[in-house]
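**Q** coordinates for the following, if possible.
(chains A, B and C)
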Amino acid sequence: MNLPLESAYKLLMGEYGPQGWWPLFDLRQPDSQELDLQRGYHPGNYHYPQSEKQCFEIAIGSILTQNTSWVQVERALENLHQKGWLTPEKIVKADESSLKQAVRPAGYYNQKAERLQIIARFFLERKERRLSSSPPERSELLALKGVGPETADSILLYAFHEPEFVVDAYTRRLAVSLGWLQGCESYQEVKELFVAALPRDVHLFQEYHALIVTHLKKCPAHPKVQTQPPFYRSLKEKGCLLASLYRELA
DNA sequence: AACCAGGACGTGA
DNA sequence: TCACGTCATGGT
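**A** Predicted coordinates for the structure are as follows:
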């Protein structure tokens, strides 16, 4: 079975262009006309993160965004930024209650505050051992409370440029709606589908995941989980890109 | 006014 | 291993 994963990628890239993930707070240009730049995206520039601080910010964001929309994460990051807390040192030392207050907009603020301190401790420890320049093992990320498979892969892919494909709810939904999956597959199985069909390329992996999210945000044309066989009809009627995706791939 | 958002963990079968 | 409840704020 040879699924057209690259064709889908080309269509998405042709439609939306490079997404400039992962957005970085201290990269924001408030005066820019481009909303992307205002919000810290850096389309076409793959040279980020450029500092340990930016690297850490990606890790923080990946925790905060768990089952939460990105605008909420931006508010939490805003709070942390205003306190000057977007570093492992500050997060570790922060008192519990004000950290919770800062993180509150992102939801689950009790657990997320705790888990931010856990991952901050991890970053700090790596820094003290002068390991910051080399990527952590996936297994040691997974060992941290609050870091599951998606968060680990996000950190590795976007913060450390490791070729790990990120699978999230959108990825699964797209794959299911295109008939590539049934929907009941495990994280690893979904990941394998993409990794096996694509060249192991960091920029490709970064853009593919970002494009999937962008597309399904813009075109939430399908139910959360679609376990039925491919269903072209309902989507053609939506008039969104996914319809053309279907026609191309049919 | 339900439903969902760039999940992960703890528990019991 | 796996299904299920829990965590929580703010948009549509």
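
**Q** what ranges do the helices span in chain A?
**A** Counting by DSSP state H, chain A has helices at residues A:5-16, A:35-38, A:52-64, A:70-82, A:88-93, A:96-103, A:109-128, A:138-142, A:149-154, A:169-177, A:187-197, A:202-218, A:232-236, A:241-249.

**Q** any idea which helix or strand in chain A has the lowest mean pLDDT?
**A** helix A:232-236 (a mean of 33; mean pLDDT, DSSP states H and E).

**Q** would you format the helices of chain A as JSON lines with mean neighbour count and distance to residue A:160 included?
**A** All C-beta spots, glycine's among them, are computed from the backbone N, C-alpha and C. Below are these laid out as JSON lines (neighbours: other CB atoms under 10 Å; distance: least, CB to CB, whole Å):
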{"stretch": "helix A:5-16", "mean neighbour count": "16", "distance to residue A:160": "22"}
{"stretch": "helix A:35-38", "mean neighbour count": "14", "distance to residue A:160": "23"}
{"stretch": "helix A:52-64", "mean neighbour count": "23", "distance to residue A:160": "7"}
{"stretch": "helix A:70-82", "mean neighbour count": "18", "distance to residue A:160": "20"}
{"stretch": "helix A:88-93", "mean neighbour count": "18", "distance to residue A:160": "15"}
{"stretch": "helix A:96-103", "mean neighbour count": "18", "distance to residue A:160": "23"}
{"stretch": "helix A:109-128", "mean neighbour count": "18", "distance to residue A:160": "11"}
{"stretch": "helix A:138-142", "mean neighbour count": "14", "distance to residue A:160": "10"}
{"stretch": "helix A:149-154", "mean neighbour count": "23", "distance to residue A:160": "10"}
{"stretch": "helix A:169-177", "mean neighbour count": "21", "distance to residue A:160": "20"}
{"stretch": "helix A:187-197", "mean neighbour count": "16", "distance to residue A:160": "17"}
{"stretch": "helix A:202-218", "mean neighbour count": "20", "distance to residue A:160": "9"}
{"stretch": "helix A:232-236", "mean neighbour count": "15", "distance to residue A:160": "36"}
{"stretch": "helix A:241-249", "mean neighbour count": "17", "distance to residue A:160": "31"}
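
**Q** hey, least reliable of these by pLDDT?
**A** Comparing mean pLDDT across the helices of chain A, the lowest value falls on helix A:232-236: a mean of 33.

**Q** for residue A:96, give its distance to residue A:115.
**A** With distances taken as CB to CB, to the nearest Å, residue A:96 is found 12 Å from residue A:115.
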